[in-house]
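J.: got a predicted structure plus its sequence, pasted below:
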Amino acid sequence: MEQCEELLERKEVAAGEGTYTLVLTRRDLSSLYPGLHIFTIRLLLGDKTLALFRTNSYEYSPTDPLDAESVARKNVLSWEHLLSRDPEAFFATHLEQVGTPADTGRPDVLILQGSPRADGNCSLISGWAAGASEEAGYSAEVVYPHDLWITGCIGCYQCYNTGFCTFDDDMTAIISSLRHARLLIICTPVYTSTVPGELKLLIDRFQAYHAEMTLAGRFVSRNGLLFSLAGRTGRENFTCVTRVIHDFMENLHITPSGDILVDGIDRLRDVRNVPGLEERIRSAVTTVLTGREGPS
């Protein structure tokens, strides 16, 4: 049983030639989200979990007549009845629902290139960052959200029951990559004072990774860098971008380790015209990865 779970109900169920244990627990995650409780039903044979069901209080909207605790208790009764009456039918329909996360990528550095322009300024910066990573002896992966199939988060909170998003699309591989990365780099232009829509899709869908770590009771610390470009002149153009990205990193226990913000790009047109920018980008990446400052 996971730590910090309150035991609500425990009962022995005789079924066929065996005796099983039904356990209902409640986990209080109000420290993360006000009033968030996860209710878990486990069917045990000794110490082995044979079947598992979760529901949480955030799944149910204000107009929904159901609530998480009543649903969980109703399922305990249903499990007990079916298991004692027909164990074969029970195990045909109730399986362990929390498995091992998909593992499709293992980069040391994950770079999210938020611009829909694959040949633009953010792409150049992403290339510099990837190059610096590889020169320091680390693998890098650059993700272009605009080219991927990623469904928007619908706020169903199913991920806090299973550790997985209800959608299985290209986001699954991106979360797998972050799971192994030691450094996350976000490279983004400023669109209407914030990040482009495709990048915001990723940010919202990373909530499933937060849920995965929450259910495991283990948050992995890593570093993050933000490189952002604004067409207009003035540092105030980055106010929303930095707030969105820093809040996102904090949610995933990523330590912001430096921002490089470049304004006035509409006038300059090409980031290669910004004196010393490539060296600053490369140095920031090298410093985080190795602890040594890169060439200046």
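T.: Structure's in. What do you need? Numbers count the residues shown, from 1 in each chain.

J.: what's downstream of the lengthiest helix in the chain, the next helix or strand?
T.: Looking across the chain with DSSP state H, the single longest helix is helix 68-85. Per DSSP states H and E, the first helix or strand lying C-terminal to helix 68-85 is helix 87-93.

J.: so for that next one, mean pLDDT?
T.: Along helix 87-93, the predicted local confidence has a mean pLDDT of 86.

J.: helices or strands next to it in the packing?
T.: Of the remaining helices and strands, those touching helix 87-93 by 3 or more CB pairs under 8 Å, 6 or more residues apart in numbering; DSSP states H and E are strand 48-56, helix 68-85. For glycine as for every other residue, the C-beta is placed from the backbone atoms N, C-alpha and C.

J.: so how far is the next helix or strand after it from its chain's centroid?
T.: Counting by DSSP H and E, the next helix or strand C-terminal to helix 87-93 is strand 109-113. Taking CA atoms, centre = their mean, to the nearest Å, the mean C-alpha location of strand 109-113 is offset from the chain mean by 14 Å.

J.: who does strand 109-113 touch, helix- and strand-wise?
T.: Using 3+ CB pairs under 8 Å, 6+ apart, strand 109-113 is in contact with helix 121-135, strand 140-143, helix 171-180, strand 183-189.

J.: redo those as CSV? Include mean neighbour count.
T.: Formatted as CSV, these follow (neighbours: other CB atoms under 10 Å):
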stretch, mean neighbour count
helix 121-135, 21
strand 140-143, 21
helix 171-180, 19
strand 183-189, 25
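
J.: which stretch among those comes nearest residue 219?
T.: helix 171-180 (12.0 Å; CB to CB).

J.: so for that closest one, mean pLDDT?
T.: Here the average pLDDT along helix 171-180 is 94.

J.: now do stretch 120-130
T.: 95.

J.: output it as PDB, restricted to C-alpha atoms.
T.: These are the backbone C-alpha positions of stretch 120-130, laid out as PDB (Å, rounded to 0.1, in the frame of the first residue of the first chain):
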ATOM      1  CA  GLY A 120      13.000  30.100 -38.200                       C
ATOM      2  CA  ASN A 121      14.900  31.800 -35.400                       C
ATOM      3  CA  CYS A 122      13.800  29.400 -32.700                       C
ATOM      4  CA  SER A 123      14.900  26.500 -34.800                       C
ATOM      5  CA  LEU A 124      18.400  28.000 -35.100                       C
ATOM      6  CA  ILE A 125      18.600  28.400 -31.400                       C
ATOM      7  CA  SER A 126      17.400  24.900 -30.800                       C
ATOM      8  CA  GLY A 127      20.100  23.700 -33.200                       C
ATOM      9  CA  TRP A 128      22.800  25.600 -31.200                       C
ATOM     10  CA  ALA A 129      21.500  24.100 -27.900                       C
ATOM     11  CA  ALA A 130      21.500  20.500 -29.400                       C
END
